[in-house]
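Asks: Just a sequence and a predicted model for now, questions to come.
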Amino acid sequence: QSVLTQPPSVSAAPGQKVTISCSGSSSNIGNNYVSWYQQLPGTAPKLLIYDNDKRPSGIPDRFSGSKSGTSATLGITGLQTGDEADYYCGTWDSSLSAGIFGGGTKLTVL
Amino acid sequence: EVQLLESGGGLVQPGGSPRLSCAASGFTFSSYAMNWVRQAPGKGLEWVSGISSSGGSTFYADSVKGRFTISRDNSKNTVYLQMNSLRAEDTAIYYCAKGFKGSVTTKSDYWGQGTLVTVSS
(Lines give C-alpha, C1' and ligand atoms only; values in the text may rest on other atoms or scores of the structure.)
Protein backbone atom coordinates (compact mmCIF):
# COMPACT_ATOMS: atom_id res chain seq x y z
CA GLN A 1 0.00 0.00 0.00
CA SER A 2 1.50 3.31 -1.15
CA VAL A 3 2.02 6.31 1.12
CA LEU A 4 0.67 8.47 -1.69
CA THR A 5 -2.88 7.71 -2.82
CA GLN A 6 -3.90 7.87 -6.47
CA PRO A 7 -7.09 6.62 -8.11
CA PRO A 8 -6.41 3.27 -9.82
CA SER A 9 -7.96 4.41 -13.08
CA VAL A 10 -9.48 7.35 -14.90
CA SER A 11 -11.01 7.62 -18.34
CA ALA A 12 -12.22 10.26 -20.74
CA ALA A 13 -12.95 10.74 -24.41
CA PRO A 14 -10.46 12.09 -26.94
CA GLY A 15 -10.24 15.86 -26.80
CA GLN A 16 -11.56 16.02 -23.27
CA LYS A 17 -9.77 16.90 -20.04
CA VAL A 18 -8.87 14.63 -17.16
CA THR A 19 -7.34 15.17 -13.74
CA ILE A 20 -5.43 12.69 -11.60
CA SER A 21 -5.12 13.28 -7.88
CA CYS A 22 -2.32 12.36 -5.51
CA SER A 23 -2.98 12.57 -1.80
CA GLY A 24 -0.33 12.49 0.89
CA SER A 25 0.53 14.07 4.20
CA SER A 26 2.53 16.87 5.77
CA SER A 27 5.67 14.74 5.84
CA ASN A 28 5.69 14.29 2.08
CA ILE A 29 3.55 16.38 -0.30
CA GLY A 30 2.87 19.02 2.34
CA ASN A 31 6.54 19.97 2.59
CA ASN A 32 8.22 18.69 -0.55
CA TYR A 33 7.99 19.14 -4.29
CA VAL A 34 5.91 16.73 -6.35
CA SER A 35 6.86 15.17 -9.68
CA TRP A 36 4.65 13.34 -12.16
CA TYR A 37 5.71 10.57 -14.53
CA GLN A 38 4.12 8.95 -17.55
CA GLN A 39 4.80 5.31 -18.30
CA LEU A 40 3.69 4.03 -21.67
CA PRO A 41 3.26 0.25 -21.93
CA GLY A 42 6.59 -1.56 -21.97
CA THR A 43 8.70 1.56 -21.56
CA ALA A 44 10.59 3.39 -18.84
CA PRO A 45 8.89 6.23 -16.95
CA LYS A 46 9.15 9.73 -18.39
CA LEU A 47 9.16 12.94 -16.38
CA LEU A 48 6.11 15.09 -17.11
CA ILE A 49 6.02 17.61 -14.27
CA TYR A 50 8.55 18.57 -11.60
CA ASP A 51 8.51 20.98 -8.68
CA ASN A 52 4.70 20.73 -8.54
CA ASP A 53 3.96 22.63 -11.72
CA LYS A 54 7.00 22.89 -14.01
CA ARG A 55 7.27 21.12 -17.36
CA PRO A 56 10.59 19.85 -18.75
CA SER A 57 11.41 21.03 -22.22
CA GLY A 58 9.55 19.03 -24.84
CA ILE A 59 6.50 18.33 -22.67
CA PRO A 60 3.44 19.96 -24.25
CA ASP A 61 1.42 22.46 -22.27
CA ARG A 62 -1.52 20.07 -22.40
CA PHE A 63 0.06 18.65 -19.26
CA SER A 64 -0.13 20.70 -16.06
CA GLY A 65 0.49 20.20 -12.38
CA SER A 66 -0.66 21.84 -9.19
CA LYS A 67 -0.37 21.36 -5.46
CA SER A 68 -2.49 22.43 -2.55
CA GLY A 69 -1.68 21.46 1.00
CA THR A 70 -1.09 17.72 1.10
CA SER A 71 -2.53 16.94 -2.33
CA ALA A 72 -1.30 17.34 -5.88
CA THR A 73 -3.09 17.12 -9.21
CA LEU A 74 -2.02 16.31 -12.74
CA GLY A 75 -4.19 17.74 -15.49
CA ILE A 76 -4.24 16.65 -19.11
CA THR A 77 -6.25 18.55 -21.70
CA GLY A 78 -6.97 17.72 -25.32
CA LEU A 79 -6.70 13.99 -24.64
CA GLN A 80 -5.16 11.85 -27.35
CA THR A 81 -5.11 8.07 -27.70
CA GLY A 82 -1.35 8.30 -27.31
CA ASP A 83 -1.85 9.58 -23.75
CA GLU A 84 -3.06 6.13 -22.65
CA ALA A 85 -0.51 5.19 -20.03
CA ASP A 86 0.12 4.78 -16.33
CA TYR A 87 0.75 8.00 -14.42
CA TYR A 88 2.65 8.22 -11.14
CA CYS A 89 3.20 10.98 -8.63
CA GLY A 90 6.38 11.03 -6.60
CA THR A 91 7.92 13.05 -3.82
CA TRP A 92 10.26 12.87 -0.85
CA ASP A 93 9.05 11.85 2.58
CA SER A 94 10.91 13.77 5.25
CA SER A 95 9.87 11.37 8.05
CA LEU A 96 10.99 8.29 6.16
CA SER A 97 14.03 10.03 4.62
CA ALA A 98 13.11 8.18 1.49
CA GLY A 99 11.51 8.71 -1.86
CA ILE A 100 7.95 7.59 -2.42
CA PHE A 101 5.60 7.09 -5.38
CA GLY A 102 1.87 6.84 -5.63
CA GLY A 103 0.35 3.54 -6.65
CA GLY A 104 -0.21 4.76 -10.19
CA THR A 105 -3.26 5.67 -12.26
CA LYS A 106 -4.14 4.01 -15.53
CA LEU A 107 -5.53 6.48 -18.04
CA THR A 108 -7.88 5.15 -20.69
CA VAL A 109 -8.84 7.39 -23.59
CA LEU A 110 -12.16 6.00 -24.76
CA GLU B 1 22.45 13.03 -25.32
CA VAL B 2 21.93 11.60 -21.84
CA GLN B 3 22.18 7.84 -21.72
CA LEU B 4 21.81 5.45 -18.78
CA LEU B 5 22.61 1.80 -19.37
CA GLU B 6 21.83 -0.71 -16.63
CA SER B 7 23.39 -4.14 -16.44
CA GLY B 8 23.77 -7.00 -14.00
CA GLY B 9 20.25 -8.35 -13.93
CA GLY B 10 19.20 -11.92 -14.55
CA LEU B 11 18.00 -15.01 -12.75
CA VAL B 12 19.23 -15.12 -9.16
CA GLN B 13 18.62 -17.69 -6.46
CA PRO B 14 16.98 -16.65 -3.19
CA GLY B 15 19.68 -15.34 -0.90
CA GLY B 16 21.86 -14.34 -3.84
CA SER B 17 23.95 -11.16 -4.11
CA PRO B 18 24.06 -9.61 -7.57
CA ARG B 19 25.43 -6.16 -8.27
CA LEU B 20 23.66 -3.88 -10.69
CA SER B 21 25.57 -1.24 -12.61
CA CYS B 22 24.38 1.86 -14.42
CA ALA B 23 26.79 3.47 -16.87
CA ALA B 24 25.99 7.12 -17.53
CA SER B 25 26.97 9.39 -20.39
CA GLY B 26 25.99 12.71 -21.93
CA PHE B 27 26.11 14.80 -18.75
CA THR B 28 28.49 15.76 -15.94
CA PHE B 29 27.88 12.65 -13.86
CA SER B 30 29.67 13.93 -10.76
CA SER B 31 27.24 16.85 -10.45
CA TYR B 32 24.04 14.87 -10.08
CA ALA B 33 22.41 12.55 -7.58
CA MET B 34 21.30 9.18 -8.88
CA ASN B 35 18.36 6.96 -7.97
CA TRP B 36 17.40 3.32 -8.34
CA VAL B 37 13.67 2.67 -8.82
CA ARG B 38 12.12 -0.76 -9.28
CA GLN B 39 8.89 -2.12 -10.69
CA ALA B 40 7.65 -5.59 -9.87
CA PRO B 41 5.78 -7.39 -12.67
CA GLY B 42 2.41 -5.75 -13.18
CA LYS B 43 2.94 -3.40 -10.25
CA GLY B 44 3.75 0.27 -9.69
CA LEU B 45 7.00 2.14 -9.22
CA GLU B 46 8.93 1.76 -5.98
CA TRP B 47 11.83 4.06 -5.12
CA VAL B 48 14.67 1.88 -3.86
CA SER B 49 17.69 4.04 -3.14
CA GLY B 50 19.40 7.33 -3.91
CA ILE B 51 22.94 8.67 -3.69
CA SER B 52 24.15 12.27 -3.72
CA SER B 53 26.51 13.58 -6.35
CA SER B 54 29.56 13.16 -4.14
CA GLY B 55 28.44 9.82 -2.77
CA GLY B 56 28.50 11.23 0.73
CA SER B 57 24.78 10.78 1.33
CA THR B 58 22.81 7.63 0.68
CA PHE B 59 19.17 6.79 1.32
CA TYR B 60 17.15 3.58 1.18
CA ALA B 61 13.57 2.37 1.20
CA ASP B 62 12.70 0.45 4.35
CA SER B 63 12.06 -2.64 2.20
CA VAL B 64 15.76 -2.87 1.25
CA LYS B 65 17.54 -1.14 4.12
CA GLY B 66 20.31 -3.32 5.49
CA ARG B 67 20.30 -5.58 2.40
CA PHE B 68 21.08 -3.22 -0.49
CA THR B 69 23.97 -0.78 -0.83
CA ILE B 70 24.18 2.04 -3.35
CA SER B 71 27.53 3.45 -4.41
CA ARG B 72 29.06 5.40 -7.26
CA ASP B 73 32.39 5.84 -9.01
CA ASN B 74 32.51 9.32 -10.49
CA SER B 75 35.73 8.50 -12.35
CA LYS B 76 33.84 5.77 -14.23
CA ASN B 77 30.49 7.60 -14.51
CA THR B 78 28.82 4.59 -12.96
CA VAL B 79 26.38 3.99 -10.11
CA TYR B 80 25.99 0.59 -8.50
CA LEU B 81 23.41 -1.26 -6.46
CA GLN B 82 24.76 -4.15 -4.43
CA MET B 83 21.86 -6.41 -3.58
CA ASN B 84 22.23 -9.00 -0.81
CA SER B 85 19.91 -11.59 0.72
CA LEU B 86 17.55 -11.44 -2.21
CA ARG B 87 13.96 -12.55 -1.76
CA ALA B 88 11.23 -13.44 -4.24
CA GLU B 89 9.61 -10.07 -3.61
CA ASP B 90 12.72 -8.32 -4.95
CA THR B 91 11.85 -9.61 -8.43
CA ALA B 92 11.44 -6.50 -10.55
CA ILE B 93 12.76 -4.34 -13.33
CA TYR B 94 15.38 -2.06 -11.78
CA TYR B 95 15.68 1.40 -13.32
CA CYS B 96 18.56 3.79 -12.91
CA ALA B 97 17.46 7.44 -12.95
CA LYS B 98 19.33 10.74 -13.02
CA GLY B 99 18.52 13.31 -10.37
CA PHE B 100 18.01 17.00 -10.95
CA LYS B 101 20.80 18.25 -8.74
CA GLY B 102 23.44 17.07 -6.31
CA SER B 103 21.18 16.16 -3.43
CA VAL B 104 18.84 13.18 -3.46
CA THR B 105 15.17 13.63 -4.31
CA THR B 106 12.78 11.41 -6.26
CA LYS B 107 12.79 13.98 -9.07
CA SER B 108 14.46 12.23 -12.03
CA ASP B 109 14.64 13.64 -15.52
CA TYR B 110 16.28 10.72 -17.34
CA TRP B 111 15.73 7.00 -16.89
CA GLY B 112 17.47 3.94 -18.22
CA GLN B 113 15.60 1.13 -19.91
CA GLY B 114 15.92 -1.05 -16.84
CA THR B 115 17.38 -4.44 -16.03
CA LEU B 116 15.21 -7.35 -14.92
CA VAL B 117 16.13 -9.20 -11.74
CA THR B 118 14.27 -12.45 -11.19
CA VAL B 119 14.68 -14.15 -7.83
CA SER B 120 13.78 -17.82 -8.10
CA SER B 121 15.18 -21.25 -7.38
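Replies: That came in fine, so what should we check first?
Asks: Which single residue of chain A approaches chain B most closely?
Replies: A:Gly99 (3.4 Å; CB to the nearest CB). (C-beta placed from N, C-alpha, C; glycine too.)
Asks: Show me what the strand or helix carrying that residue is packed up against.
Replies: Element membership for A:Gly99 (DSSP states H and E) is strand A:98-101. On a contact count with 3 or more CB pairs under 8 Å, 6 or more residues apart in numbering or on different chains; DSSP states H and E, strand A:98-101 meets strand A:85-93, strand B:34-39, strand B:45-51, strand B:58-60.
Asks: Verify the stated contact: the residue of chain A closest to chain B with B:Ala97.
Replies: No. Here A:Gly99 lies out of contact with B:Ala97, judged by CB atoms under 8 Å, at a distance of 10.0 Å.
Asks: Apart from its neighbours in sequence, what residue is nearest B:Ser52?
Replies: B:Ala33 (5.1 Å; CB to CB, 6 or more residues apart in numbering or on different chains).
Asks: Quick check: that neighbour vs chain A, distance?
Replies: 11 Å (CB to the nearest CB, to the nearest Å).
Asks: Let me see the contact set for that residue.
Replies: B:Ala33 sits next to B:50-53, B:99-105 when contact means CB atoms under 8 Å, 6 or more residues apart in numbering or on different chains.
Asks: try it again with 10 Å
Replies: B:50-55, B:57-59, B:72, B:79, B:97-105, B:107-108 (CB atoms under 10 Å, 6 or more residues apart in numbering or on different chains).
Asks: quick one on the thing from earlier: which element follows the strand holding A:Gly99 toward the C-terminus?
Replies: Reading on from strand A:98-101 to the C-terminus, the next helix or strand found by DSSP H and E is strand A:105-109.
Asks: Now do that following strand and strand A:85-93, the angle between them.
Replies: Counting by axes from the mean of the first three to the mean of the last three CA atoms, to 10 degrees, strand A:105-109 lies at 150 degrees to strand A:85-93.
Asks: quick one: the residue of chain A closest to chain B and B:Trp47 touch, right?
Replies: Yes. Counting by CB atoms under 10 Å, B:Trp47 is a contact partner of A:Gly99 at 3.4 Å.
Asks: Overlap of the contact sets of these two?
Replies: With CB under 10 Å, 6+ apart, A:Gly99 and B:Trp47 have common neighbours A:90-93, B:35-37, B:59-61, B:104, B:106, B:108.
Asks: who in chain B is up against chain A?
Replies: B:4, B:35-37, B:39, B:43-50, B:57, B:59-65, B:93, B:95-98, B:100, B:103-114 (CB under 10 Å from any CB of the partner chain).
Asks: can we see that at 6 Å?
Replies: When proximity is defined by CB under 6 Å from any CB of the partner chain, chain B lies next to chain A at B:44-45, B:47, B:59, B:61, B:95, B:105-107, B:109, B:111, B:113-114.
Asks: Tell me if A:Ser57 really is in a strand.
Replies: No. Checked against DSSP: H, G, I helix; E, B strand; the rest coil, A:Ser57 lies outside a strand; its state is coil.
Asks: So what's the residue count around the nearest residue to B:Gln39 once chain neighbours are set aside?
Replies: Leaving aside its sequence neighbours, B:Gln39 sits nearest to B:Ile93 (CB to CB, 6+ apart; 4.9 Å). Neighbourhood size, B:Ile93 [other CB atoms under 10 Å in any protein chain shown]: 20.
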